[in-house]
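[1] quick one: sequence and predicted model below, then my questions.
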Amino acid sequence: MGDSGQAGRGPRESGTEMTKTLWKCEQLRAGQIYNKVLFDSQREAEQFMRQMTKVEPDIFWRMEPVPMAAVWN
């Protein structure tokens, strides 16, 4: 009763859920990494790669999971 909804909010409720894995998409040209983009979820990375394939079908993108500890140490 009378709760404003702010007390006791966890990360999941506030929309700031922490993840232990990031998803990295790398754009490759002639075997060299040309561009790199990080995403919070596999779904976001897959959507990005689908969009990029439609825009630039001749450019190869690689996607892989990256542990958060490898990025933020």
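    Now that the structure is in, tell me what you want to look at. All values reported here derive from a predicted model rather than from experimental measurement. Numbering: from 1, shown residues only.
[2] residues in contact with residue 66?
    Residues near residue 66 by CB atoms under 8 Å, 6 or more residues apart in numbering: 21-24, 38. The way it works is simple: take the backbone N, C-alpha and C, and place the C-beta from them, glycine included.
[3] which residue lies nearest the spatial centre of this structure?
    By CA atoms, centre = their mean, the mean C-alpha position of the chain lies nearest to residue 39, the distance being 1.1 Å.
[4] tell me the contacts of it?
    22-25, 45, 48.
[5] what segments of the protein are strands?
    21-29, 32-39, 60-67 (DSSP state E).
[6] among the ones you listed, show me which one is buried the most.
    strand 21-29 (a mean of 16; mean count of other CB atoms under 10 Å).
[7] ok, back up a step: which of the contacts of residue 39 sits closest to residue 62?
    Minimum distance to residue 62 across these is 7.1 Å, recorded for residue 25 (CB to CB).
[8] these two touch, right, that closest one and residue 59?
    No. Using CB atoms under 8 Å, residue 25 is not in contact with residue 59; the gap is 11.3 Å.
[9] give me the common contacts of the two.
    Applying CB under 8 Å, 6+ apart, one finds that residue 25 and residue 59 are jointly contacted by residue 52.
[10] before we move on, the earlier item: could you dump the strands of the chain to CSV with mean pLDDT?
    Formatted as CSV, these follow (pLDDT from 0 to 100):
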stretch, mean pLDDT
strand 21-29, 93
strand 32-39, 93
strand 60-67, 93
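[11] switch those over to TSV; also include distance to residue 54.
    As requested, the strands of the chain are exported to TSV (distance: least, CB to CB, whole Å):
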stretch	distance to residue 54
strand 21-29	15
strand 32-39	16
strand 60-67	12
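[12] separation between the closest residue to residue 21 other than its chain neighbours and residue 71?
    Nearest in space to residue 21, with sequence neighbours left out and distances taken as CB to CB, 6 or more residues apart in numbering, is residue 65 at 5.0 Å. Distance, residue 65 to residue 71, by CB to CB, to the nearest Å: 11 Å.
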